[in-house]
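# turn this into a structure:
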Amino acid sequence: METFLLDARPPLAIITLNRPKVLNALNAATFADLDAALDRLAADPAVRVLLLAGSGERAFAAGADIAELEAVAASDGADFSLRGQRVFRKLETLGKPVIACIRGFALGGGCELAMACSFRIAAEDAKLGQPEVKLGVIPGYGGTQRLPRLVGRGAALRLLLTGEIIGAAEALRIGLVDEVVPATELMNRAENLALNIAAQAPLAITETLRIVDEGLNQPLDLALRLESERFGSLCATADKAEGAKAFLEKRTPLWRGQ
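A predicted model of the protein is given here:
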């Protein structure tokens, strides 16, 4: 890929944004490359968990490419936003966990990219924020919607309305990231978490991701009904039979994804 490196080493795959000269800013080519890569990875049963990082030490992703943004006319603005929303939503609903490994700046579109991931692990030097108001716009890749869902309305509005950039410790305090580690331990910690997840039943992982995503936007009674239906469908799988048998026999299960 032109804009990032893809290191597939099943059960993991590591996507590293690779535009360090512009702090891994997200341009049209990045979205096209990411879109194609996600299709590939979604179809590969050997890849169970994705890690997403930025090249260099300065940034995960510093945001949208401002040169491209400057050229966006009123007639193109909605499409510019929808392109990013579509790719980030594909990432969010891939059916495989995605761990954002955040070092340095994760601003604007970079913060929105991290929020579309399943987990966010930040290095101690991470800086996060949605500074779009300083450019006369609002977040367009899901920031106004995912941020309140993660940190609550008040904390989200503080960041969205001031454009404030916060450090890793504050991001952890408000719930924007899930864990903070020294920069030297970032990728090892993310890989250990990924391998832990990859050791679990693959169908159960996929269904957990889907039911949580779908249920968050439903009334509780309907969400519970959806949960029971998915639970029932998993009870018919070979993996469920293997998991119960392996537990009773005190051995490691051999998952088939069936």
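
# element containing Arg83?
helix 77-92 (DSSP states H and E).

# which residues touch the spatially most central residue of the chain?
In the chain, the residue lying closest to the centroid (C-alpha atoms, centre = their mean) is Cys117, at 1.1 Å. Residues near Cys117 by C-beta atoms under 8 Å, 6 or more residues apart in numbering: 52, 91-92, 98-100. Using the backbone N, CA and C atoms, a C-beta is placed for each residue, glycine as well.

# farthest-apart pair in these, please.
Glu92 and Ile99 (12.9 Å; C-beta to C-beta).

# low-confidence stretches in the stretch 1-150 of the chain?
Along the stretch 1-150 of the chain, the model assigns pLDDT under 70 to no residue.

# what segments of it are helices?
Using DSSP state H, counting those that start in this stretch, the helices of the stretch 1-150 of the chain run over 28-42, 66-70, 77-92, 109-115, 143-151.

# kindly report the same for the stretch 151-258 of the chain.
Going by DSSP H, counting those that start in this stretch, the stretch 151-258 of the chain shows helices at 153-162, 168-174, 186-198, 202-215, 220-234, 238-248.

# nearest to Lys127, out of those helices?
Nearest of the helices of the stretch 151-258 of the chain (C-beta to C-beta): helix 168-174, 7.8 Å.

# put the alpha carbons of the closest one into PDB.
Extracted in PDB, the C-alpha atoms of helix 168-174 (Å, rounded to 0.1, in the frame of the first residue of the first chain):
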ATOM      1  CA  ALA A 168      -2.600  10.700  27.700                       C
ATOM      2  CA  ALA A 169      -3.300  10.900  31.500                       C
ATOM      3  CA  GLU A 170      -6.400  13.100  31.000                       C
ATOM      4  CA  ALA A 171      -7.600  11.000  28.100                       C
ATOM      5  CA  LEU A 172      -7.400   8.000  30.400                       C
ATOM      6  CA  ARG A 173      -9.300   9.800  33.100                       C
ATOM      7  CA  ILE A 174     -12.200  10.800  30.900                       C
END
